[in-house]
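Enquirer: Quick one, what's the 3D model for this:
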Amino acid sequence: MADEDSGTGLPTSLEMAWGLRERPGKGPRPTLTLPRIVEAAVALAATEGTDAVSMGRVAKDLGVSTMSLYRYVAAKEELYVLMADAGVGVPPPLPPEAEGWGWRELLTDWAYAQRAVLMANSWILRIPITAAPVSPNQLAWMERGLAALAGTCLGEGEKLSTIILIGGLVRNEATMAADMMDAIVKSGVAPEQALGQYVRTLRLLTGPDSHPAVTGLLDSDAFSGSGEPDFQFRFGLDRILDGLAELISSRSRSTP
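Expert: Sure thing, here's the model as predicted:
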């Protein structure tokens, strides 16, 4: 529930995450803290999945009563937001060579950094997005993305649309990778074997007369695995950035 007196409109737990509140209530400092609660929930999600996360289970892992958690977090949905914020962490520092980078290099670094975080913490992808980002680390990532476009001729709404578009590509690609890995783990089949079986299945189901385009794909080296490991992600990101570059260039040419 949002605190009516703060003016932020945020739940108390998120105000605590921002440092706007030290802890709920008064009296002796309790042993239970919001960071401890979030840490326990993240550990549970990382080992057993987000479906295992409940207020009761987190309380049990912490050795406290479920009701004690509600002094810090009003609902599991709030806990999910805090977990995702902890999972993504703060954006990594830019490398020294970034001083000479332009918007394209900065956005590329931003996209790959997000992708690395989500690939390493795939449980975050199982938390539904139900609202715009308002947590500290999420907004730090948003700030980094928007700042990459500073100095371009894009309007503020266009900058926002750009990072939403790229963020969508990142999340979609990471989700597909996580889904495929989950399926591989459940089947017990190595990725190379699964891909080989897929190609064999397609060859049995298709042919040059019924599916000439698919046949051409199968006859190419697209499934050979000899190319760049993240080719699909790089290809998609580059096409977005190519379109953005053309837009920025055309705006610059039309500006007196």
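Enquirer: To which secondary structure element is V81 assigned?
Expert: For V81, the host element (DSSP states H and E) is helix 76-88.
Enquirer: Which strands or helices does that helix pack on?
Expert: helix 12-17, helix 34-48, helix 55-62, helix 103-120, helix 136-148 (3 or more CB pairs under 8 Å, 6 or more residues apart in numbering; DSSP states H and E). C-beta coordinates here come from the backbone N, C-alpha and C atoms, glycine included.
Enquirer: domain assignment for this structure?
Expert: 12-88, 96-188+236-254, 189-225 (automatic domain parsing).
Enquirer: can you pull the buried residues of stretch 160-178?
Expert: Of all the residues in stretch 160-178, those buried under the rule 16 or more other CB atoms under 10 Å are 162-163, 166-167, 169-171, 173-174, 177-178.
Enquirer: can you tell me which of these lies nearest to S135?
Expert: G167 (15.0 Å; CB to CB).
Enquirer: follow-up on the earlier one: please identify the most buried of the domains of the chain.
Expert: Stretch with highest mean neighbour count among those: domain 12-88 (a mean of 17; mean count of other CB atoms under 10 Å).
Enquirer: Pull the distance from it to the chain's centre.
Expert: Computed by CA atoms, centre = their mean, to the nearest Å, the separation of domain 12-88 from the middle of its chain amounts to 20 Å.
Enquirer: Alpha carbons of the helix holding V81, as CSV, please.
Expert: This file holds the C-alpha atoms of helix 76-88, laid out as CSV (Å, rounded to 0.1, in the frame of the first residue of the first chain):
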residue,chain,number,x,y,z
LYS,A,76,4.4,-10.7,-2.9
GLU,A,77,4.1,-8.4,-5.9
GLU,A,78,6.1,-5.7,-4.0
LEU,A,79,8.6,-8.4,-3.1
TYR,A,80,8.9,-9.3,-6.8
VAL,A,81,9.7,-5.7,-7.7
LEU,A,82,12.4,-5.6,-5.0
MET,A,83,13.8,-8.9,-6.1
ALA,A,84,14.1,-7.9,-9.8
ASP,A,85,15.8,-4.6,-8.7
ALA,A,86,18.3,-6.6,-6.6
GLY,A,87,18.8,-9.0,-9.5
VAL,A,88,19.7,-6.5,-12.1
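Enquirer: Give me the contacts around it.
Expert: Outside helix 76-88, the residues that touch it by CB atoms under 8 Å, 6 or more residues apart in numbering are 11, 13-14, 17, 34, 37-39, 41-42, 45, 50, 53-55, 58, 73, 114, 117-118, 121, 123-124, 127-128, 130-131, 134-138, 141.
Enquirer: Make JSON lines from the buried residues of stretch 160-178 and add distance to L107 to it.
Expert: Converted to JSON lines, the buried residues of stretch 160-178 look like this (distance: CB to CB, whole Å):
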{"residue": "T162", "distance to L107": "8"}
{"residue": "I163", "distance to L107": "8"}
{"residue": "I166", "distance to L107": "6"}
{"residue": "G167", "distance to L107": "11"}
{"residue": "L169", "distance to L107": "11"}
{"residue": "V170", "distance to L107": "11"}
{"residue": "R171", "distance to L107": "15"}
{"residue": "E173", "distance to L107": "15"}
{"residue": "A174", "distance to L107": "17"}
{"residue": "A177", "distance to L107": "21"}
{"residue": "A178", "distance to L107": "23"}
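Enquirer: Sort out which of the residues you listed are in strands and list them.
Expert: Among the buried residues of stretch 160-178, no member falls in strands (criterion: DSSP state E).
Enquirer: Of all pairs in those, which one is the farthest apart?
Expert: Longest distance between any two of the buried residues of stretch 160-178 is 24.6 Å, between T162 and A178; criterion CB to CB.
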